[in-house]
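K.L.:
could you work out the structure for the sequence below:
(one chain, ligands or ions: 1)
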Amino acid sequence: MDDLFGFTPGFLPSATDGETLFGWCARFHRLSGNTSGALTSKELFGHLSGAQRPDFPVGLGHFVDVTRGALGSALDILRERTVFGHFLPFLDQTASLVAIENICNGSTSRIKGPLGLLKGSHEIPVRLKTCPDCQDEDLSRLGVATWHLSHQWPSSWVCLQHYRSLRVAVNGFIVQQANSWCLPGDLRENDWQAREAFTPSQTAQLFRLAKWTRQFADQFDRYYLPHLLRHTYLIRAKARGWIALDGTLRFRTLCNAFQNAYRSLETVPDLGLLNDVAKNNGGFLGLLLRSYAGHRVPAKHFLLMTFLFDTPEEFEVAYEQARALFESDGEIGLRRQLTDLRERLTHMVENEGSSINHAAEVLGIPPSMAVHAIRTQDIPYQRRPRVLNPEREAKLVALLKAGEPREAIATALSIRRSFIKDYLATHEELLFQWQTAFENRNREAHRTRFLLTLSHNPDLPIKRIRRLPTNGFQWLYNNDREWLLQQLPSLWSR
Ligand SMILES: [Zn+2]
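P.N.:
Okay, the predicted model is just below:
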């Protein structure tokens, strides 16, 4: 294999933190002095034009060879510098290996199949996007603005750093510009989509979506199986009262609630799939919640996850519970969690003397639903004493001030988590104290865990450390980056 102009890796521009492969290649193209983009493409990827695309490069194996791995291995590049990392957690491992193989050696036509992006199912395309503030920062830092990976994920429309909407290149931009490796500053005004500025509520919702997107894309070696995802969603739907006591999904009620939550996003270009939820089949919600086989693009999962769960961590816990249940009791165990609720509720209240609230908590259904079911059956039931007497309330306040997690308080005082949530909602000062204390504890716990991982693995390079399970790195990277950066000088030398 020929090296490019016989150069050494030292000649190559270094890739900046979070820069996409496409952005790096465009900068390389400028530095190379090549007048034709096709020539650069041929040199870097062995293809005249196939590689000039912002989503998945073609001929990545060639690229790694001619750059002598200056940007890392093919897998490193795919995960850290292309949108592949966005799709990876939702692929099965066989499909991902096929996709990687095709990206390294094959043609584009053999990439989208394994990724679940076949024509017609890919409602949110990969487009070139940029943030004007990031562009300014790049200009003063690098002398030229480049493409940032966190902007390119299909479900990102807001810059996580600057909390402002991204500019999105118009449809087919890349096709028209097939021979130029463009950088954000090369696009003219009418190369960008013209659209209304996002409203504050749209920005807030899209910011949250982008945060979840980043969190999943940054994970290493984490795969989510479609049938366990579906069950995780259903269990959560049950807790929200969208599974009837006979186990049937109250699909239309759920769709309506979803539409209400995301109504303001229906006008966002590329989010037209939200309108399909109004159809009889519920659009993509039907595909995710009913047992249709197949992988769905991540954006659809993120929309449903952000609707059902408060935080990615809460989703993780639920997913792990579903996985553990599946491993011990199989598909039947999963199904049992959703069906026969009425019989089990009646049995607990009538024969075991459970209070309705306790039974509802054990079964994971809203207490109001349980009360209604018991009353309509005319079953005598115990009325629980008031949840809090002054003594218990004092304990609750003390635990909250100490920043204890809600789960731990709920267990310690035998009260529902939702009670604590409601209590905090009516005690603003206490809510603030709890949040601050909770965040401090959480941060300390992650720092300790990370330092512990480092001390247990004194010789492992940081790249390997961050892939160890429960190492705390990812959380710190997302939430405590300044502290992490302070640790880094000593880490880089590893
Ligand atoms: Zn920005």
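K.L.:
quick check: His47 vs Gly106, distance?
P.N.:
11 Å (CB to CB, to the nearest Å). To be clear about C-beta, it is placed using only N, CA and C from the backbone, and glycine gets the same treatment.
K.L.:
okay, and the common contacts of these two?
P.N.:
Jointly contacting His47 and Gly106 under the rule CB atoms under 8 Å, 6 or more residues apart in numbering are Val58.
K.L.:
ok, now which ones touch whatever residue of the stretch 301-450 of the chain ends up closest to the ion?
P.N.:
Closest approach of the stretch 301-450 of the chain to the ion (CB to the ion) occurs at Phe302, with a separation of 20.0 Å. Residues in contact with Phe302 (CB under 8 Å, 6+ apart) are Ser155, Leu209, Trp212, Thr213, Phe216.
K.L.:
likewise for Pro132?
P.N.:
Arg164, Arg167.
K.L.:
got the phi and psi for it?
P.N.:
phi -60, psi -40 (degrees, to the nearest 10).
K.L.:
which two of the contacts of Phe302 have the greatest separation?
P.N.:
Farthest apart among the contacts of Phe302 by CB to CB are Leu209 and Phe216. That separation is 11.1 Å.
K.L.:
how does this structure divide into domains?
P.N.:
Domain ranges of the chain: 1-222, 226-339, 386-426, 443-494, per automatic domain parsing.
K.L.:
what average pLDDT does the first one get?
P.N.:
Read that as domain 1-222. Averaging pLDDT along domain 1-222 yields 84.
K.L.:
and the stretch 101-250 of the chain, which residues reach the ion?
P.N.:
Those residues of the stretch 101-250 of the chain that sit near the ion, judged by CB under 5 Å from the ion, are Cys131, Asp133, Cys134, Cys159, Gln161, His162.
K.L.:
can you show me the strands along the stretch 151-300 of the chain?
P.N.:
Counting by DSSP state E, counting those that start in this stretch, the stretch 151-300 of the chain has strands at residues 167-168.
K.L.:
is Gly72 located within a strand, as I assumed?
P.N.:
No: counting by DSSP: H, G, I helix; E, B strand; the rest coil, Gly72 falls outside a strand, being coil.
K.L.:
over to it: give its phi and psi.
P.N.:
Dihedral angles for Gly72 - degrees, to the nearest 10 - are phi 100, psi -180.
K.L.:
state the number of residues packed around the nearest residue to it once chain neighbours are set aside.
P.N.:
Excluding its sequence neighbours, the residue lying closest to Gly72 (CB to CB, 6 or more residues apart in numbering) is Glu80, at 7.0 Å. For Glu80, the neighbour count with other CB atoms under 10 Å is 20.
K.L.:
what are the buried residues along the helix or strand hosting Glu80?
P.N.:
Glu80 belongs to helix 74-81 when assigned by DSSP states H and E. Of the residues in helix 74-81, Ala74, Leu75, Ile77, Leu78, Arg79, Glu80, Arg81 count as buried by neighbour count, 16 or more other CB atoms under 10 Å.
K.L.:
which residues touch that helix?
P.N.:
15, 19-21, 24, 60-61, 63-64, 71-72, 84-85, 88, 100, 103-104, 149, 220.
K.L.:
quick one: Gln259 and the ion, what's the gap?
P.N.:
Distance check for Gln259 against the ion: by CB to the ion, to the nearest Å, it reads 30 Å.
K.L.:
could you find the closest non-adjacent residue to that residue?
P.N.:
Val277 (5.5 Å).
K.L.:
Leu288 is in contact with the one you found, correct?
P.N.:
No: applying CB atoms under 8 Å, one finds Val277 not in contact with Leu288, separated by 10.8 Å.
K.L.:
what's the span of stretch 378-392, first residue to last?
P.N.:
32 Å (CA to CA, to the nearest Å).
K.L.:
stretch 405-421 too?
P.N.:
For stretch 405-421, the first-to-last residue distance is 11 Å (CA to CA).
K.L.:
same thing with stretch 52-70?
P.N.:
20 Å.
K.L.:
list the buried residues in it.
P.N.:
Here stretch 52-70 shows 52-64, 66-67, 70 as buried, counting by 16+ other CB under 10 Å.
K.L.:
looking at the residues you listed, which are in helices?
P.N.:
With DSSP state H as the criterion, helices contain Leu60, Gly61, His62, Phe63, Val64, Val66 from among those.
K.L.:
find the nearest non-adjacent residue to the residue in the stretch 201-350 of the chain that the ion sits nearest to, please.
P.N.:
Residue of the stretch 201-350 of the chain nearest the ion, by CB to the ion: Ala210 (10.9 Å). Excluding its sequence neighbours, the residue lying closest to Ala210 (CB to CB, 6+ apart) is Ser156, at 4.3 Å.
K.L.:
residues in contact with that neighbour?
P.N.:
Lys129, Ser150, Leu166, Leu206, Leu209, Ala210, Thr213, Arg214.
K.L.:
and it, its phi and psi?
P.N.:
phi -110, psi 130.
K.L.:
how close does it sit to the ion?
P.N.:
11 Å.
K.L.:
roughly how far apart are that residue and Gly18?
P.N.:
Noted for Ser156: a distance of 12 Å to Gly18, by CB to CB.
K.L.:
so what sits against both of these two?
P.N.:
Shared contacts of Ser156 and Gly18, defined by CB under 8 Å, 6+ apart, are found at Ser150.
K.L.:
so after the helix or strand where the residue of the stretch 301-450 of the chain closest to the ion lies, what's the next helix or strand?
P.N.:
Taking DSSP H and E as the definition, Phe302 sits inside helix 298-308. Downstream of helix 298-308, the first helix or strand assigned by DSSP H and E is helix 312-336.
K.L.:
and the angle from that following helix to helix 298-308?
P.N.:
Computed by axes from the mean of the first three to the mean of the last three CA atoms, to 10 degrees, the angle separating helix 312-336 from helix 298-308 equals 90 degrees.
K.L.:
what comes into contact with the following helix or strand past helix 312-336?
P.N.:
Remark: after helix 312-336, the chain's next helix or strand is helix 341-350, criterion DSSP H and E. With contacts defined as CB under 8 Å, 6+ apart, helix 341-350 is touched by 238, 243, 245-247, 354-356, 358-360, 362-363, 365, 370, 373-374, 377, 379-381.
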